[in-house]
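Visitor: sequence first, then the predicted structure, then my questions.
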Amino acid sequence: MTTDQVQILAILAITIGMFLWGRWRHDIIALGCLLACVFAGLVPSEQAFSGMGHPAVVTVACVLILSWGLQSTGAVEMLTRHMLPDSTGPTLTIAALTGLGAVLSAFMNNVGPWRLPVWGLLETRVANGDSGGRDQRTFAADCLAAVIAAQWGGNSQFMAL
């Protein structure tokens, strides 16, 4: 292996270790990784931030900001409360939130609509007093269903063309 390959593998291993450790925010770790690559000479400094203007990066950043705003203002909780009555069982909850993700995804970018049902599922679990210990697999399956439905909803855009 060349010196550059060893350096990039070392930076990658440290970055993954820091992600797993969870002490710092993921964006700070990613920025530190990028800067380490620049200081090591692996990435030219004039090209270090060239990918930040790509539409996919801007879309993901906007979706993360929007979803944080929706969650912090209580909009997700309010929408979940209006969609799901108090006596709703788990099957209807999953179906309603998954359907919501699919419908939103048909009109929005696929990156964003899956977050609303997943946050709704989280809010429902918290409201029901479920800490997620024994039922973590079920929650993961519910989230997977919401993400797949959002993807299918987004695919309906292409079928309409």
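Guide: That came through fine.
Visitor: now residue 4: how far from residue 42?
Guide: Distance of residue 4 to residue 42, given as CB to CB, to the nearest Å: 6 Å. The way it works is simple: take the backbone N, C-alpha and C, and place the C-beta from them, glycine included.
Visitor: who's more crowded, those two?
Guide: Taking neighbours as other CB atoms under 10 Å, residue 4 and residue 42 compare with residue 42 leading, 15 against 11.
Visitor: for stretch 29-48, which positions count as buried?
Guide: Across stretch 29-48, burial judged by 16 or more other CB atoms under 10 Å covers 29, 33-34, 36-38, 43.
Visitor: check what contacts that stretch and list those residues.
Guide: Under the contact criterion CB atoms under 8 Å, 6 or more residues apart in numbering, stretch 29-48 has outside partners 4, 7-8, 11-12, 14-15, 18-19.
Visitor: between those residues, which is closest to residue 146?
Guide: Nearest to residue 146 among those, counting by CB to CB, is residue 19 at 23.8 Å.
Visitor: and that closest one, which of the three is it?
Guide: helix (DSSP: H, G, I helix; E, B strand; the rest coil).
Visitor: name the nearest residue to it, sequence neighbours excluded.
Guide: Leaving aside its sequence neighbours, residue 19 sits nearest to residue 29 (CB to CB, 6 or more residues apart in numbering; 6.0 Å).
Visitor: re the thing from before, turn the buried residues of stretch 29-48 into a markdown table, including distance to residue 95 and pLDDT.
Guide: Listed next are these as a markdown table, based on distance: CB to CB, whole Å; pLDDT from 0 to 100:
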| residue | distance to residue 95 | pLDDT |
| --- | --- | --- |
| 29 | 37 | 94 |
| 33 | 40 | 95 |
| 34 | 42 | 94 |
| 36 | 46 | 96 |
| 37 | 45 | 95 |
| 38 | 48 | 95 |
| 43 | 46 | 93 |
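Visitor: export these as CSV, with columns for distance to residue 52 and secondary structure.
Guide: Putting the buried residues of stretch 29-48 into CSV (distance: CB to CB, whole Å; DSSP: H, G, I helix; E, B strand; the rest coil) gives the following:
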residue, distance to residue 52, secondary structure
29, 16, helix
33, 14, helix
34, 10, helix
36, 17, helix
37, 15, helix
38, 14, helix
43, 13, coil
